[in-house]
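Novice: what's the 3D shape of this:
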Amino acid sequence: MNVGLVGCGRVSEIHMNAYRNIPEAKVVAVSDINLERAKAFAQKHKIEKVYNDSSKLFELRDLDFVDICTPISTHAKLACEAAKYGHNIFLEKPMARSSRECNHIIHEVTKNKVKLCICHNQLFLPTVLQVRKMVDSGDFPLAYFKVSVRESAELIGAPSWIMTPEQGGALWETGAHAAYLQLHFLKNIEKVWAIGGKIENPVYDHFIIMLTNSNKTVGVIEISWLAKKEEEKFEFISTKGRKIEILNYNFFLEYQEKPEKNLLQGYYRDQKQIIKKWAKFFLTNIRNRRLIGCVPQYILITKFMESLKNDTEPPVTPEDGRKTVRLLEYIEESLNKNEPVKVQSDLR
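Specialist: Residues are numbered from 1 along each chain as shown. Model (predicted):
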């Protein structure tokens, strides 16, 4: 399948790593408003066609889909334009900067009968897929799910313009991942309560969010962009007291319901488990060393390509993307009001 890539920033490098490992995919054209950056990117990845105007790329007729890796504020305009040209679309998260913009995108996609997949890549982390399988089987009835991320724009190589009101800052950049993960595990969210501060930036750079639903399941999101080192942790607790932790996306730890009565036995069990999990982690990375840093993108793009071949629903639908954006709007509203916000039916 021929792919046209729009945007040559840090995210596009991750996507290119995935494409290099998908034999059926070939990036044949690239566009960026900075022509020199586009040329350098094309030369590095041996891409034939280079543009500084996305419209020129959209005019190409031999594209199976376009991959949009541009800032959040440009998503709606570019996605709508790509749809008008009749292109299927793989769109970076979040889908847009507002649910209203999402509605415009959905209208154009539907009108022009093209497929749109949103890059909610962390849903396809092998560790997250493993937990979801346990939850769906009934083996792990979920009571509590927390996403905790500590990082900064400098640490992750993000440009400073991300921390502006136009782009939404940490909430829309990092919080988008946490939002779609919470929607994935918590159904029928009823209330959002968020508190935070604008400490070093004009937008919220440190905040904590609590979500509750009709099943009394609790979701928590804690994000800080003031950290001096990167730390990511997902924590799941079942109604029976079992606990699962995912550290830095790949390291999977599971704790049983009842701790050992003997402290030495408990310590030995925990150490044995840690050694076992780290061994599995390193063996997996050795086997998939070419995919390090892009495994979830690789899985998601592959599934999207399958949906195009089979004319089936994309793995992450436009409606999924809109719900994530809607949840971010509720969180932003709660942060600004400094009080809980009730969720309407558009998120359930």
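
Novice: would you list every one of the helices in the stretch 1-150 of the chain?
Specialist: Assigned by DSSP state H, counting those that start in this stretch, the helices in the stretch 1-150 of the chain fall at 10-20, 35-45, 54-58, 75-84, 99-111, 126-137.

Novice: mind putting those in JSON lines, distance to Val27 included?
Specialist: Backbone N, C-alpha and C define where each C-beta goes, glycine included. JSON lines is the format used below for these (distance: least, Cβ to Cβ, whole Å):
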{"stretch": "helix 10-20", "distance to Val27": "6"}
{"stretch": "helix 35-45", "distance to Val27": "7"}
{"stretch": "helix 54-58", "distance to Val27": "11"}
{"stretch": "helix 75-84", "distance to Val27": "15"}
{"stretch": "helix 99-111", "distance to Val27": "22"}
{"stretch": "helix 126-137", "distance to Val27": "25"}
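
Novice: now, of those helices, which is deepest in the fold?
Specialist: Among these, ranked by average contacts under mean count of other Cβ atoms under 10 Å, first place goes to helix 75-84 (a mean of 22).

Novice: so what's Leu155 up against?
Specialist: By Cβ atoms under 8 Å, 6 or more residues apart in numbering, the contact set of Leu155 is Ala227, Lys228, Lys229, Glu230.

Novice: rewinding a little: can I get the helices of the stretch 1-150 of the chain in JSON lines with distance to Phe236 and mean pLDDT?
Specialist: Below are the helices of the stretch 1-150 of the chain laid out as JSON lines (distance: least, Cβ to Cβ, whole Å; pLDDT from 0 to 100):
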{"stretch": "helix 10-20", "distance to Phe236": "26", "mean pLDDT": "95"}
{"stretch": "helix 35-45", "distance to Phe236": "38", "mean pLDDT": "97"}
{"stretch": "helix 54-58", "distance to Phe236": "40", "mean pLDDT": "97"}
{"stretch": "helix 75-84", "distance to Phe236": "30", "mean pLDDT": "98"}
{"stretch": "helix 99-111", "distance to Phe236": "28", "mean pLDDT": "98"}
{"stretch": "helix 126-137", "distance to Phe236": "6", "mean pLDDT": "95"}
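
Novice: Any idea which of these gets closest to Pro296?
Specialist: When the helices of the stretch 1-150 of the chain are compared by Cβ to Cβ, helix 126-137 sits nearest Pro296, at 8.1 Å.

Novice: mind saving the C-alpha coords of that closest one as CSV?
Specialist: Extracted in CSV, the C-alpha atoms of helix 126-137 (Å, rounded to 0.1, in the frame of the first residue of the first chain):
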residue,chain,number,x,y,z
PRO,A,126,1.1,-5.8,24.3
THR,A,127,0.9,-5.2,28.1
VAL,A,128,-2.4,-3.3,27.8
LEU,A,129,-3.8,-5.9,25.4
GLN,A,130,-2.9,-8.5,28.1
VAL,A,131,-4.8,-6.7,30.8
ARG,A,132,-7.8,-6.1,28.6
LYS,A,133,-8.0,-9.8,27.8
MET,A,134,-8.0,-10.5,31.6
VAL,A,135,-10.7,-7.9,32.2
ASP,A,136,-12.9,-9.1,29.3
SER,A,137,-12.6,-12.7,30.4
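
Novice: before we move on, back to that, and of the helices of the stretch 1-150 of the chain, who's closest to Gly4?
Specialist: Proximity to Gly4 (Cβ to Cβ) singles out helix 54-58 among those, at 4.8 Å.

Novice: That closest one packs against which elements?
Specialist: Judged by 3 or more Cβ pairs under 8 Å, 6 or more residues apart in numbering; DSSP states H and E, helix 54-58 is in contact with strand 2-6, strand 26-31, helix 75-84.

Novice: quick one on the thing from earlier: the contacts of Leu155: which two are farthest apart?
Specialist: The span of the contacts of Leu155, defined through Cβ to Cβ, is set by Lys228 and Glu230 at 9.3 Å.

Novice: Between those two, point out the one with more neighbours.
Specialist: Glu230 (12 against 9; other Cβ atoms under 10 Å).

Novice: Look up the closest residue to the more buried one, ignoring the ones flanking it.
Specialist: Leaving aside its sequence neighbours, Glu230 sits nearest to Glu151 (Cβ to Cβ, 6 or more residues apart in numbering; 4.8 Å).

Novice: residues contacting the one you found?
Specialist: When the contact criterion is Cβ under 8 Å, 6+ apart, the partners of Glu151 are Thr174, Ser224, Trp225, Ala227, Glu230, Glu231, Glu232.

Novice: Return the subset of the residues you listed lying in strands.
Specialist: Among the contacts of Glu151, the residues falling in strands (DSSP state E) are Ser224, Glu231, Glu232.

Novice: between those residues, which has the most around it?
Specialist: Neighbour counts for the ones in strands among the contacts of Glu151 (other Cβ under 10 Å) peak at Ser224, which has 20 neighbours.

Novice: wait, doesn't it sit right on His206?
Specialist: Yes - taking Cβ atoms under 8 Å as the definition, Ser224 is a contact partner of His206 at 4.6 Å.

Novice: Now do the shared contacts for those two.
Specialist: Joint contacts of Ser224 and His206 (Cβ under 8 Å, 6+ apart) are Ala170.
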